[in-house]
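Peer 1: Predicted model follows, preceded by the sequence.
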Amino acid sequence: MPAGTRIDVRNVPAQGAYEAEGVILSFELARYLPPRAEARERQEVRKLRVAEHEELDAALTRCLEAFERGLPAAVQRSRLLELVAWLGEAGIDPFVAATDVRLRLKRMLGERPAHPWRLPDVARRLGMSDDTLQRQLRREGTGFQQLLLEIRMDHALMLLWTTERPLAIVAEQSGYDSPSRFAERFRDRFGVLPSELRRRR
């Protein structure tokens, strides 16, 4: 999946156990790569078949093994770079979206999801006008309020799954003064109330 992609996963195995593994490639890794000859277009989500990309699958296995065994950081990095190289052979550039405004914005807003962010303030911090920011976000298929809502809901979901904080605190730390308004937004996004999700853990 290209950087910045949002994806929801639902596992519905027909029978038996189900296991999923994944690796997140940090943008820090990109600085160890040779410079690109030219800019590339943003890519779509792609599905690769193991039988057609055995070397790529083997590289992924070596990456996971390096993490599981706690191998030295330099070794982990070299295995990640091998994985990136094999992705390139398959026509996939995982860092193609590294300069997207959407990603820069997600990092900024994600650091303080409860902050009362306003588009003019954010645009100024990114060094651009309000109109330019709105235009770039439209080009990337989103808007400022839509992106802020996405970040806040993801933060709330993480808090609900990983902490025992009261729902009112989760709402507040996700940028909502009203727990009922928060619950409504959460249900719109995930199809379940925060209280119901908490009970299902």
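Peer 2: Thanks, I have the structure now. Residues are numbered from 1 along each chain as shown.
Peer 1: Could you use CA atoms for every contact and neighbour count after this?
Peer 2: Will do.
Peer 1: Go through this structure and flag its longest helix.
Peer 2: Criterion DSSP state H: the longest helix present in the chain is helix 144-162.
Peer 1: In terms of secondary structure, what does it contact?
Peer 2: Counting contacts by 3 or more Cα pairs under 8 Å, 6 or more residues apart in numbering; DSSP states H and E, helix 144-162 packs against helix 101-111, helix 167-173, helix 179-190, helix 194-200.
Peer 1: can you do 10 Å?
Peer 2: Helix 144-162 sits against helix 101-111, helix 119-125, helix 130-139, helix 167-173, helix 179-190, helix 194-200, with contacts defined as 3 or more Cα pairs under 10 Å, 6 or more residues apart in numbering; DSSP states H and E.
Peer 1: Show me the shaky parts of this protein.
Peer 2: Along the chain, segments meeting pLDDT under 70 span 1-7, 27-28, 35-45, 96-100, 201.
Peer 1: hmm, back to that, send me the longest helix of the chain as PDB with only the CA atoms.
Peer 2: Extracted as PDB, the C-alpha positions of helix 144-162 are listed here (Å, rounded to 0.1, in the frame of the first residue of the first chain):
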ATOM      1  CA  PHE A 144      -9.200  19.800   6.100                       C
ATOM      2  CA  GLN A 145     -12.200  18.900   8.300                       C
ATOM      3  CA  GLN A 146     -12.500  15.400   6.800                       C
ATOM      4  CA  LEU A 147      -8.800  14.800   7.500                       C
ATOM      5  CA  LEU A 148      -9.000  16.200  11.100                       C
ATOM      6  CA  LEU A 149     -12.100  14.000  11.800                       C
ATOM      7  CA  GLU A 150     -10.200  10.900  10.500                       C
ATOM      8  CA  ILE A 151      -7.200  11.600  12.700                       C
ATOM      9  CA  ARG A 152      -9.400  12.200  15.800                       C
ATOM     10  CA  MET A 153     -11.400   9.100  15.300                       C
ATOM     11  CA  ASP A 154      -8.300   6.900  14.800                       C
ATOM     12  CA  HIS A 155      -6.900   8.400  18.000                       C
ATOM     13  CA  ALA A 156     -10.100   7.600  19.800                       C
ATOM     14  CA  LEU A 157     -10.100   4.100  18.500                       C
ATOM     15  CA  MET A 158      -6.600   3.600  19.700                       C
ATOM     16  CA  LEU A 159      -7.400   4.900  23.200                       C
ATOM     17  CA  LEU A 160     -10.500   2.700  23.400                       C
ATOM     18  CA  TRP A 161      -8.500  -0.400  22.500                       C
ATOM     19  CA  THR A 162      -5.400   0.200  24.600                       C
END
